[in-house]
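# Here's my sequence, what's the structure:
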Amino acid sequence: MSLLPCEIVETQTQNINACVIWLHGLGASGHDFVPVVSELRLPESMAVRFVFPHAPAIPVTINGGMVMPAWYDILTLAGAERQLDTAQLMASVDAVAALIADQRKKGIASERIVLAGFSQGGAVVYQSALTYAEPLAGLMTMSTYFPTSETLVPSSANASLPIHVFHGSRDPMVPESMGLDALTALKALGHEPEYKSYAMEHELCLEEIQDISSWLQRVLA
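This next block holds a predicted model:
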């Protein structure tokens, strides 16, 4: 399959040895989190490639069928039981797997690749990381939920995957209860995820960015 178009940011000009593939949310684009890289203030010793893919533009039912960047269609927003197009979500999972394969061809070991996702992007990387057949460096989700938790068939390769879940306590789009449900589901799968919430809405805050930086430095040490 052809690769998704991406924004690429590298923290060094050579000897890149790690990668973070970071998915945006509904209606956004790969440009959204590019400015965050400089705010992470990673040490000069870290040579990391950040890959920010652009989701395809598709009609989104909950937005009146408006065409916009989305990893999958959302049919209803009925509380925690929101209905979505699972086939489209799985197609996005395949697209993420292709991005991982591309980075591996470029010399980055799977153990040095972190998957990250905000909102809709987080829902995709839950499925992507936990089912990936080779060990990854980590999974980071922000302001999201875990819609495939009951159907997911986990890969033993990532049974001990470092996971950090971030959420806003005032999030009106994806209530924190959905983030906590994801945490419970991860624990039921045998994981020991870290969790932190912030007094914010559906967004990132400076304290969260600092915590993301510390976590990335730890899992990519």
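
# So which bits of stretch 31-38 are buried?
Within stretch 31-38, the residues that count as buried by 16 or more other C-beta atoms under 10 Å are D32, F33, V36, V37. To be clear about C-beta, it is placed using only N, CA and C from the backbone, and glycine gets the same treatment.

# what about the residue nearest to the third one when sequence neighbours are not counted, neighbour count?
It refers to V36. Nearest non-adjacent residue to V36, counting by C-beta to C-beta, 6 or more residues apart in numbering: I209, 6.1 Å away. Per other C-beta atoms under 10 Å, the neighbour tally for I209 reads 16.

# hmm, who's touching the helix or strand harbouring I209?
Applying DSSP states H and E as the criterion places I209 in helix 206-219. Applying C-beta atoms under 8 Å, 6 or more residues apart in numbering, the external contacts of helix 206-219 come out as 20, 36, 39-43, 46, 48, 114, 137-138, 140, 142, 162, 164, 166, 194, 196, 198, 200.

# Among the residues you listed, which lie within strands?
Mapping those onto strands (DSSP state E) picks out V20, V48, V114, G138, M140, M142, H164, F166, E194, K196, Y198.

# tell me the two of the residues you listed that are most distant?
Maximum pairwise distance among the ones in strands among the contacts of helix 206-219 (C-beta to C-beta): 23.7 Å, between V48 and Y198.

# tell me the SS of the one residue sitting closest to the centre of the chain?
Nearest residue to the geometric centre of the chain (C-alpha atoms, centre = their mean): G117, 1.9 Å. When classified by DSSP: H, G, I helix; E, B strand; the rest coil, G117 comes out as strand.

# unless I'm mixing things up, it is touching Y145, no?
No - using C-beta atoms under 8 Å, G117 makes no contact with Y145, being 10.9 Å away.

# If anything else comes up later, I'll come back, but that's it for now.
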